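*Asks:* Below are the sequence and a predicted model for it; my questions follow.
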Amino acid sequence: MISHDEGFAVLRERLAGAVSAWGDVATARAVARLGHPAEAGGTGLPVLAWLDDALARAAEAVDADLAGALGAVARSVRWQQTASYVEHPPDASFLDRYGHAAVAGSDDLTLGLLLLGPDVHYPRHHHPAEEFYLPAGTIRWTHATDDAPVREPAGVLLHHAPWQPHALLTDERPVLLAWVWTGEVGTPSAFC
C-alpha cells in the first residue's frame with residue numbers, strides 16, 4: 001500500500017499529463033505545481049461503503065497504479081456533500097450514493113475526487129469553474145442540456161466549459177473520478 005504523499009504525487013502527475021495531452025498546457029502546469037495537501041480524514045458518508053469496489057473497478061478499467069494512488073488519497077481526505085444538494089436532494093437515495101473531496105488547491109485551481117455509488121443519476125448541474133474529469137470507470141454522461149447520455153470510457157479525460165450543463169449516470173458498480181476545477185472554484189455546483 002502506498003502512502004498519501006506518494007498517492008497524491010501519482011494522481012497529480014496523471015492529471016497534469018492528461019490535461020496537457022488534452023491541450024491545456026497552462027492548467028497542466030498549475031496542476032503539476034500543486035503543493036502537498038494536508039491529510040484530513042474521512043467523514044463517514046454512506047457512499048464510502050462503495051470505495052473499495054470503486055478502487056477495484058479503477059484497477060480493472062484503468063490500471064493498478066492509478067487505483068493505488070486514488071485509494072491512498074481517498075482514504076485520507078475529508079469527504080463532503082454540496083450543501084444545496086443536501087438541502088434539496090434529487091431523489092431519496094442520492095445522498096447515500098454521492099460524495100466529493102477537495103484534495104488540494106489554490107485560489108483558482110482545485111484537484112478533487114468524486115465518488116458515486118451504483119445506479120446513481122447525478123442530475124444536470126453546472127458551475128462557473130472550468131472542469132476536467134478523469135473517470136476511473138466507464139460511466140454515462142450528458143455534456144449539454146439536450147444531449148442523450150453517452151458512455152465515456154475509463155481513463156479518458158473529459159472537459160466541461162464554465163456553466164456547461166452536464167449529468168452523470170452510473171451502472172451497477174460505483175465509480176471514482178478525479179477532477180480539476182480552474183477559474184472560479186469558490187462557487188459550488190448547482191442543479192439546473
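*Replies:* That came through fine.
*Asks:* Buried residues, stretch 101-111. List them.
*Replies:* 101, 102, 103, 104, 105, 109, 110, 111 (16 or more other C-beta atoms under 10 Å). C-beta: built from backbone N, CA, C; applies to glycine.
*Asks:* Tell me which two of the residues you listed sit farthest apart.
*Replies:* 101 and 109 (15.4 Å; C-beta to C-beta).
*Asks:* Now residue 59: closest residue in space that isn't a chain neighbour?
*Replies:* Sequence neighbours aside, residue 67 is the residue nearest to residue 59 in space, at 3.8 Å (criterion: C-beta to C-beta, 6 or more residues apart in numbering).
*Asks:* which SSE is the one you found in?
*Replies:* helix 64-74 (DSSP states H and E).
*Asks:* what is the mean pLDDT for that helix?
*Replies:* On average, the pLDDT along helix 64-74 is 97.
*Asks:* buried ones in that helix?
*Replies:* In helix 64-74, counting by 16+ other C-beta under 10 Å, buried: 66, 67, 68, 69, 70, 71, 72, 73, 74.
*Asks:* cool, stretch 160-180 as well?
*Replies:* 160, 165-170, 173-180.
*Asks:* From those residues, pick the one nearest residue 46.
*Replies:* Nearest to residue 46 among these, with distances taken as C-beta to C-beta, is residue 174, at 11.6 Å.
*Asks:* I figured the closest one hits residue 55, correct?
*Replies:* No - using C-beta atoms under 8 Å, residue 174 is not in contact with residue 55, being 9.3 Å away.
*Asks:* what about the lengthiest helix in the chain, distance to the chain center?
*Replies:* Longest helix in the chain by number of residues (criterion: DSSP state H): helix 4-22. From the chain centre to the centre of helix 4-22 is a distance of 13 Å (C-alpha atoms, centre = their mean, to the nearest Å).
*Asks:* what's it in contact with?
*Replies:* Residues outside helix 4-22 that contact it (C-beta atoms under 8 Å, 6 or more residues apart in numbering): 2, 27-29, 31-32, 34, 36-37, 39, 65-66, 68-73, 75-76, 103-104, 111, 132, 134, 157, 159, 178, 180.
*Asks:* got the phi/psi numbers for the residue of the chain positioned farthest from its centre?
*Replies:* The outermost residue of the chain relative to its centre, with distances by C-alpha atoms, centre = their mean, is residue 146 at 22.9 Å. Here is the backbone geometry of residue 146 (degrees, to the nearest 10): phi -100, psi 10.
*Asks:* same deal with residue 123?
*Replies:* According to degrees, to the nearest 10, residue 123 has phi -60, psi 170.
*Asks:* Which parts of this structure are helices?
*Replies:* 4-22, 25-33, 51-61, 64-74, 83-87.
*Asks:* All set, thanks.
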